[in-house]
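Chemist: Take a look and give me a structure for this.
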Amino acid sequence: MAEKVGMGVVGAGSIGIRAALAHLSQQDVQDRVYLAAVCDPVPGRAEAAKERFGVVSAYERYEDLLADPAVDAITLCTPIGMHYAQALQAIEAGKHIHFNKTMTVESAEASDVIARAQARGLKLVASPGMMLWPHNQRARRAILEGRLGTLVWGAAGASGVAQYHLKEPVRQGNDLLSNIDPSWYFRRPGGGPQYDVTVYCLHNLTGILGPARRVTALSGLVIPEREYRGQRIHCDMDDSTVMLLDFGNAFYAFVYGTVTGKLTDGFQPSIFGTEGSIIGTQLGDIDLTLPGDLMPHHEGAHKTMEERHVFEDLMQLVDWIRDDKASIATAEHARHVIEIIEAGYRAAETGQTQDLTTTFDVLPLDQLAELPA
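Modeler: The predicted structure is shown next:
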């Protein structure tokens with residue numbers, strides 16, 4: 001077993017603060033992981049994070065964090081459009097990587113990262129690890145056991161999160177750790193609800209059902225300008241996208257990422273078959289969420305803290321580094337979801353249904369949580 005993992009937090013913005021720094025500074029994880037370094041290009045922000053969260057070292061330059069020998073692994077808490085280039089630098093520096101969603105903007109970028117990491121013997125964990133939730137495992141078990149009969153159609157999606165980002169408390173203050181600018185969420189590359197929140201829905205949907213085969217879509221921009229603290233944000237990334245996924249055998253799923261409105265329960269899918277349905281976490285009259293259901297590392301204060309699911313993905317990487325046991329939150333699954341999003345935009349632009357080429361290993365029956373009695 002490896003010693004404690006030195007984690008480098010790349011970006012002290014909203015997710016860096018709430019998911020990485022807040023959780024990894026808790027005393028109960030110090031036997032396994034510690035905050036070795038944090039970097040952020042805003043002058044003084046990394047130093048402020050160091051002081052607040054007890055990080056060993058603070059840097060303005062990413063290259064300086066990568067050169068720190070105490071950093072064994074990094075978590076990329078930067079805008080999504082930066083992930084690919086930063087991942088290549090981290091791999092070159094010999095660092096294991098946790099990706100906040102999404103891993104990259106394009107599936108070819110994800111494939112390149114996976115290949116380079118494998119060649120260097122480096123480990124990758126990509127958020128969101130939605131199949132770590134027991135209710136999603138039970139949903140997959142129900143389908144594999146034939147509880148729904150022949151699958152017919154499904155739906156998944158999310159909306160309204162852009163407005164949430166504008167109003168997050170971490171963006172409303174006047175100090176360096178509470179005045180985080182959200183502008184990148186509304187711009188290319190990597191902004192928009194597909195990469196930001198529909199990614200959760202797609203991880204749930206494909207984790208439960210398996211890889212999709214084809215996608216067609218319509219996409220556009222509803223709100224071209226937003227306001228943040230009296231300043232205008234010019235938006236150039238689509239904020240309303242609807243997709244239709246083909247899973248084979250005449251099973252289709254409608255997936256959306258939009259400004260407002262919803263058809264489904266949270267990020268959970270609705271899945272309909274000839275003999276039953278799963279709506280949210282309900283299998284007919286059976287609740288797939290049991291009392292006390294948590295992800296593996298949701299203990300103590302972590303159970304009620306923000307972004308606990310991201311903390312879980314981080315700890316999946318920590319355990320993999322220390323125990324050499326791979327996580328089910330795989331880069332291959334993340335790549336497939338990225339391809340769906342990317343191909344959806346291409347389908348909307350061209351008017352042509354797109355074939356999907358990537359795949360991933362779906363959880364087998366013997367690895368799934370049991371259904372309620």
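
Chemist: going forward, measure contacts between C-alpha atoms and count neighbours the same way
Modeler: Noted.

Chemist: Do you have the helices of the chain handy? List them.
Modeler: Listed in chain order, the helices of the chain (DSSP state H) span 14-15, 22-24, 45-53, 62-66, 83-92, 107-120, 134-144, 161-167, 193, 199-209, 308-323, 331-350.

Chemist: and these, which one is worst for confidence?
Modeler: Comparing the helices of the chain by mean pLDDT, the weakest confidence falls on helix 161-167, with a mean of 86.

Chemist: Just the buried residues of that helix, please?
Modeler: 161-162, 165-166 (16 or more other C-alpha atoms under 10 Å).

Chemist: Turn those residues into CSV, columns for distance to E145.
Modeler: Shown next, in CSV, are these (distance: C-alpha to C-alpha, whole Å):
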residue, distance to E145
V161, 35
A162, 38
H165, 40
L166, 43
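
Chemist: Need phi/psi at T274.
Modeler: phi -70, psi -20 (degrees, to the nearest 10).

Chemist: The strand ranked longest in the chain: which residues count as buried?
Modeler: Longest strand in the chain by number of residues (criterion: DSSP state E): strand 151-159. Neighbour counts using 16+ other C-alpha under 10 Å place 151-159 of strand 151-159 among the buried residues.

Chemist: Heading C-terminal from the helix or strand bottoming out on mean pLDDT in the chain, find the next helix or strand.
Modeler: Every helix and strand of the chain was ranked by mean pLDDT, DSSP states H and E. The lowest is helix 161-167, at a mean of 86. Next in sequence after helix 161-167, counting helices and strands by DSSP states H and E, comes helix 193.

Chemist: which residues touch stretch 311-321?
Modeler: 2, 5, 19-20, 23-24, 32-33, 75, 97-98, 123-129, 295-298, 325-327, 329 (C-alpha atoms under 8 Å, 6 or more residues apart in numbering).

Chemist: Revised request: answer the last question for stretch 56-70.
Modeler: 6, 8, 10, 35-44, 46-47, 49-50, 71, 90, 93, 95.

Chemist: Now do the longest strand of the chain, average pLDDT.
Modeler: Averaging pLDDT along strand 151-159 gives 97.

Chemist: tilt between that strand and helix 199-209?
Modeler: 160 degrees (axes from the mean of the first three to the mean of the last three C-alpha atoms, to 10 degrees).

Chemist: Which strands and helices lie in contact with strand 151-159?
Modeler: helix 199-209, strand 252-258, strand 270-273 (3 or more C-alpha pairs under 8 Å, 6 or more residues apart in numbering; DSSP states H and E).

Chemist: what distance separates the start and the end of stretch 50-69?
Modeler: In stretch 50-69, first residue to last residue: 17 Å (C-alpha to C-alpha, to the nearest Å).

Chemist: Actually, stretch 297-308.
Modeler: 9 Å.

Chemist: Give me the contact list for it.
Modeler: Contacts of stretch 297-308 (C-alpha under 8 Å, 6+ apart): 15, 18-19, 23, 294, 312, 315.

Chemist: The residues you listed: which two are farthest apart?
Modeler: Within the contacts of stretch 297-308, two members stand farthest from each other by C-alpha to C-alpha: I15 and L294, at 20.7 Å.

Chemist: Look at these two and report which has more neighbours.
Modeler: I15 (20 against 16; other C-alpha atoms under 10 Å).

Chemist: Break the chain down into its structural domains.
Modeler: Domain assignment of the chain by automatic domain parsing yields the ranges 5-126, 132-292+331-367.
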